[in-house]
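Colleague: What would the 3D arrangement of this be:
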Amino acid sequence: MTSHVLYLGDLRTEATHLQSGQKIITDAPVDNEGRGDAFSPTDLAATSLASCMITIMGIAAKKRNIDMTGTSADIVKVMSPDPRRISEIQINIKFPDHLNDKERTILQRAGETCPVSYSLSSNLKQIVTYS
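Modeller: Presented below is the predicted three-dimensional model:
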């Protein structure tokens, strides 16, 4: 097993990663009857895409001795109604200034092979920009 999710009540869950014991709390978003006190499950889906991209970049960087420390991503999740779903994820990946154009291209191409991206519906727009 990978994880275990426990419903805590009041639209809150606690997910436990079984190998490490790390926990994530989720709440329903304010626009869907929740408190919005934590990531919503759809927030995690959008955030997982960016995290996966940066992790794959990190693997490529490690193999090539590229220091990408400080790389970050800002994520916007767009929801659509009927059925309620994520319709678009916008990600802006920011590279540190010390990376040259060749290193940025290597990392960008690596990030495009992210397994989360490949796993999401082709109906979901994934808009990724780099700065």
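
Colleague: mind listing what's buried in stretch 64-71?
Modeller: For stretch 64-71, a neighbour-count test (16 or more other C-beta atoms under 10 Å) marks I66, M68, T71 as buried. (Each C-beta comes from the backbone N, C-alpha and C, glycine too.)

Colleague: could you pull out the helices for this structure?
Modeller: With DSSP state H as the criterion, the chain has helices at 41-63, 101-111, 115-119.

Colleague: what's the last one packed up against?
Modeller: In other words, helix 115-119. Using 3 or more C-beta pairs under 8 Å, 6 or more residues apart in numbering; DSSP states H and E, the elements in contact with helix 115-119 are helix 41-63.

Colleague: From N123, how far out is the residue nearest to G70 when sequence neighbours are not counted?
Modeller: Once flanking residues are discounted, G70 sits nearest to P96: 4.0 Å by C-beta to C-beta, 6 or more residues apart in numbering. Distance, P96 to N123, using C-beta to C-beta, to the nearest Å: 34 Å.

Colleague: Looking at those two, which is more packed in?
Modeller: Comparing P96 with N123 by other C-beta atoms under 10 Å, the one with more neighbours is P96, at 13 against 9.

Colleague: Break this protein down into its domains, please.
Modeller: 1-39, 40-130 (automatic domain parsing).

Colleague: on that earlier part again, so who does the residue nearest to G70 touch?
Modeller: M68, T69, G70, T71 (C-beta atoms under 8 Å, 6 or more residues apart in numbering).

Colleague: and the second one, what does it touch?
Modeller: Spelled out, that is T69. The neighbours of T69, taking C-beta under 8 Å, 6+ apart as the test, are P96.

Colleague: The residue nearest to I106 when sequence neighbours are not counted: neighbouring residues, count only.
Modeller: Spatially, and ignoring its direct neighbours in sequence, I106 is nearest to A60 (6.0 Å; C-beta to C-beta, 6+ apart). When neighbours are defined as other C-beta under 10 Å, A60 has 18 of them.

Colleague: how near is A60 to R109?
Modeller: To R109, A60 is 8 Å away according to C-beta to C-beta.
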